[in-house]
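Peer 1: Could you work out the structure for the sequence below:
(one chain, ligands or ions: 1)
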Amino acid sequence: MCGAPRLSDAGKKAVLMGWVNRRRDLGNLVFIDVRDRTGVTQVVFNKERNPALHQKAGELRNEYVIAVIGKLRQRVPDTVNKNIPTGEVELIAEELRILNEAKQPPFLPGDTVLPNEEMRLRYRYIDLRRDAMQQNIELRHKVSLAIRTYLASQGFFEIETPFMTRSTPEGARDYLVPSRVQPGCFYALPQSPQLFKQILMISGFDKYFQIVRCFRDEDLRADRQPEFTQIDLEMSYPQPERVWEVVEGFLTAAFKADGHEIKTPFPRMSYDEAIRLYGSDKPDLRLPAMTDVREAFTAEELEEFASKFRVRKELPIQLIRIPKAGDISGTERRAIGTYGAFQHVQRPSFVQLMSDAKRFTKDYPPLAERVVQFAKVEPDDLWLLAGALSRPEAAVVMEQGLQHFCERCGLLRVDLAQKYAAKHGAFVKTRDPERDFRFVWVTDFPMFEWDDAEKRWNPAHHPFTSLHEDDMAKLEASIDSVRDPKSQLGEIRALAYDVILNGTELGSGSIRIHRQDIQRKIFHALGMTEEEARSRFGFFLEALEYGTPPHGGIALGLDRIVMILAGAESLREVIPFPKTARAADLMVDAPTPVSEAQLKELGISVKK
Ligand code: ASP
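Peer 2: Predicted coordinates for the structure are as follows:
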């Protein structure tokens, strides 16, 4: 391979095949760097030694595919290239074959300035020749392989499930495939193998996994793809801890494949705790949590503070702290709350910010001292206080109270962290896995979440998620309240969990409902009639009746894991043939219209 020759190979005969990476013509000497995925070796064509061959080398252009036979030789000291592993040797060409010519490509794999992404995606085969892409794809391979090997060693079988199936409810739109044989009928591409993996548990394959493509027709954000890959798994009889152990095991193997020793078990945090401390169900532990500092106040101080700053004293007064970002100007301090998540509203309309800590310290010296101590603020930290506005116009928003308020604070925390990233440096990789990769399990999610647009409760995870045994009575009591925002449905906890890394969700899962009567109740609570439930999930409800073991599982996004390991900014950097934000494949030019004949066969007519 082109990256293999070393000094110890000098004197050996070698055959190299690859692309012309670079050509330098010095008259009597022509130098060609020949490249394959392992690297480049310099090849020398010498006019005096072999005029015909030297002349042939003159025909070579970038990205021609060649084979060269020759002898490896130690380079003279001042031509050694210390930047590449093959830099101490060169191949003296004896024979050259041009295996294929190449048109001048729109950009070269070795270019230091990248073309725009459209160009890269249109000519993806050239883009993939670049070192960075070759490394990302290799990393992806290594990570998948490590995960497969680990799970197999734990007794899991990889089992395939169909792509042409029927709608599964992960909350996105389905991609549909029309049936020719049954005109008017459609398959749906799976949003996940959820029901199939549960059925595999009913079928006796008590440990299943699959590295599997999932399809979701969603409005794409920067970090989404219409088809993406999950590490999907399910097991019979587990407690949640058992599922977490398996995930920690395969993540350890995956990170090790890239040279990082991560520490397990990951810390755990309830959903409520995550919201209170981080204002998010995806807490980024690389920066300190928020602190409710009310305890540092005396009762009178709290009273005075609440009335002076017009905040509600029954809700937290959150101290948000960004380490080492302290020395910012007064103007900058006062501008906090006008950017990031807040920029559209100019100020967080129901969060009252006290962002000028200097002023506060001056106005309330003993109190400020106690607050700072209570929240363990260091001298060069940037900090501010956030309270829930007590004005009547804020009352509507505050109906959901604590959670809503904390989430706004959490957004501000993340905005600040990003804005001052250069100062705190907490996002910079240190090669210390314990600092670079902050994992956490978030547990005890709510079972249902209120959808304000549709004015109804929806499953927070999916409708096959088991609820906390203790909350069964609440389900019974609120079974007919899917459209009531004040329903107790909002208080029911699920046996659901997410695994988070550095503030990004890697995956979610749950213990499932294994009893048909409870599954029916959940469908009922979600406002589905018996009829609807039967027509959508009848096959599944039926399967549940034939001896279903308790089971649970999880699915993690493979693309995202590889992206984080690669230090890439976008999922497109780790997917060989990704789609654009408009869900298009620019290389093959998909989607496209199809012929009238095809449509006719499918019994479909397209509205112009
Ligand atoms: N199927 C779920 C999802 O794709 C994961 C799970 O519950 O296992 O989010």
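
Peer 1: Report the contact partners of the residue in the stretch 101-250 of the chain that the ligand sits nearest to.
Peer 2: The nearest approach of the stretch 101-250 of the chain to the ligand comes at residue 192, 3.5 Å away (CB to the nearest ligand atom). Where C-beta positions appear, they are placed from N, C-alpha and C, glycine not excepted. Applying CB atoms under 8 Å, 6 or more residues apart in numbering to residue 192 gives the contacts 168, 170, 212, 214, 230, 232, 555.

Peer 1: Throw those into CSV and include distance to the ligand and secondary structure, thanks.
Peer 2: Formatted as CSV, those follow (distance: CB to the nearest ligand atom, whole Å; DSSP: H, G, I helix; E, B strand; the rest coil):
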residue, distance to the ligand, secondary structure
168, 8, coil
170, 5, coil
212, 10, strand
214, 6, strand
230, 6, strand
232, 6, strand
555, 4, strand
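
Peer 1: Would you map the strands across the stretch 301-450 of the chain?
Peer 2: Ranges of strands within the stretch 301-450 of the chain are 318-322, 351-354, 382-388, 439-443, 448-451, based on DSSP state E, counting those that start in this stretch.

Peer 1: try the stretch 501-608 of the chain
Peer 2: Under DSSP E, counting those that start in this stretch, the stretch 501-608 of the chain gives strands at 504-511, 551-557.

Peer 1: pLDDT weak spots in the protein?
Peer 2: 169, 221-222, 345-349, 392-400 (pLDDT under 70).

Peer 1: Return the residues of it in contact with the ligand.
Peer 2: 170, 192, 194, 508-510, 553-555 (CB under 6 Å from any ligand atom).

Peer 1: which one of the strands of the stretch 301-450 of the chain lies closest to residue 207?
Peer 2: Ranking these by distance to residue 207, with CB to CB as the measure, places strand 439-443 first at 20.2 Å.

Peer 1: Next up, the contacts around the residue nearest to residue 568 when sequence neighbours are not counted.
Peer 2: Nearest non-adjacent residue to residue 568, counting by CB to CB, 6 or more residues apart in numbering: residue 574, 5.8 Å away. By CB under 8 Å, 6+ apart, residue 574 lies in contact with 136-137, 139-140, 559, 562-563, 566, 568.

Peer 1: Kindly indicate which of these lies nearest residue 12.
Peer 2: The closest of the contacts of residue 574, once distances to residue 12 are taken by CB to CB, is residue 137, at 30.2 Å.

Peer 1: so where does that closest one fall, helix or strand?
Peer 2: helix 131-153 (DSSP states H and E).

Peer 1: can you list the residues that contact that helix?
Peer 2: 37, 109, 127-128, 158, 209, 211, 231, 233, 246, 249-250, 252-254, 256-258, 558, 561-562, 565-566, 568, 573-574, 576.

Peer 1: Filter these down to the buried ones.
Peer 2: By neighbour count, with 16 or more other CB atoms under 10 Å, the contacts of helix 131-153 hold 109, 127-128, 209, 211, 231, 233, 246, 249-250, 252-254, 256-257, 558, 561-562, 565-566, 568, 573-574 as buried.

Peer 1: and the gap between the closest residue to residue 353 other than its chain neighbours and the ligand?
Peer 2: Distances taken as CB to CB, 6+ apart place residue 337 nearest to residue 353, at 4.7 Å, with adjacent residues excluded. According to CB to the nearest ligand atom, to the nearest Å, residue 337 and the ligand sit 34 Å apart.

Peer 1: same thing with residue 297?
Peer 2: Per CB to the nearest ligand atom, residue 297 is found 42 Å from the ligand.

Peer 1: returning to that earlier point: looking at the residues of the chain next to the ligand, spot the one nearest residue 47.
Peer 2: Using CB to CB, residue 555 comes nearest to residue 47 of those, at 61.6 Å.

Peer 1: Would you confirm that that closest one contacts residue 506?
Peer 2: No. With contact defined as CB atoms under 8 Å, residue 555 and residue 506 do not form a contacting pair (9.7 Å).

Peer 1: all strands of the stretch 151-300 of the chain, in order?
Peer 2: Going by DSSP E, counting those that start in this stretch, the stretch 151-300 of the chain shows strands at 157-158, 176-178, 186-188, 207-215, 227-236, 268-270, 291-292.

Peer 1: just how off-centre is the longest one within its chain?
Peer 2: In terms of CA atoms, centre = their mean, to the nearest Å, the centre of strand 227-236 is set 14 Å apart from its chain centre.

Peer 1: now do stretch 117-124
Peer 2: On CA atoms, centre = their mean, the centre of stretch 117-124 falls 22 Å from that of its chain.

Peer 1: and what of stretch 48-68?
Peer 2: On CA atoms, centre = their mean, the centre of stretch 48-68 falls 46 Å from that of its chain.

Peer 1: Can I get that stretch in CSV, CA atoms only?
Peer 2: Provided in CSV are the C-alpha atoms of stretch 48-68 (Å, rounded to 0.1, in the frame of the first residue of the first chain):
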residue,chain,number,x,y,z
GLU,A,48,19.0,10.1,-17.6
ARG,A,49,18.2,6.7,-16.2
ASN,A,50,15.2,6.0,-18.3
PRO,A,51,14.2,8.6,-20.9
ALA,A,52,11.1,6.7,-22.2
LEU,A,53,9.7,6.2,-18.8
HIS,A,54,10.5,9.8,-17.8
GLN,A,55,8.6,11.0,-20.9
LYS,A,56,5.6,8.8,-20.0
ALA,A,57,5.6,10.3,-16.5
GLY,A,58,5.1,13.6,-18.2
GLU,A,59,1.7,12.5,-19.3
LEU,A,60,0.5,12.0,-15.7
ARG,A,61,-2.1,14.4,-14.3
ASN,A,62,-3.8,14.7,-11.0
GLU,A,63,-6.0,11.8,-10.0
TYR,A,64,-4.8,9.5,-12.8
VAL,A,65,-4.9,5.9,-11.6
ILE,A,66,-1.5,4.3,-12.0
ALA,A,67,0.7,1.3,-11.1
VAL,A,68,4.4,1.8,-10.6
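
Peer 1: Having no further points to raise, I will conclude here.
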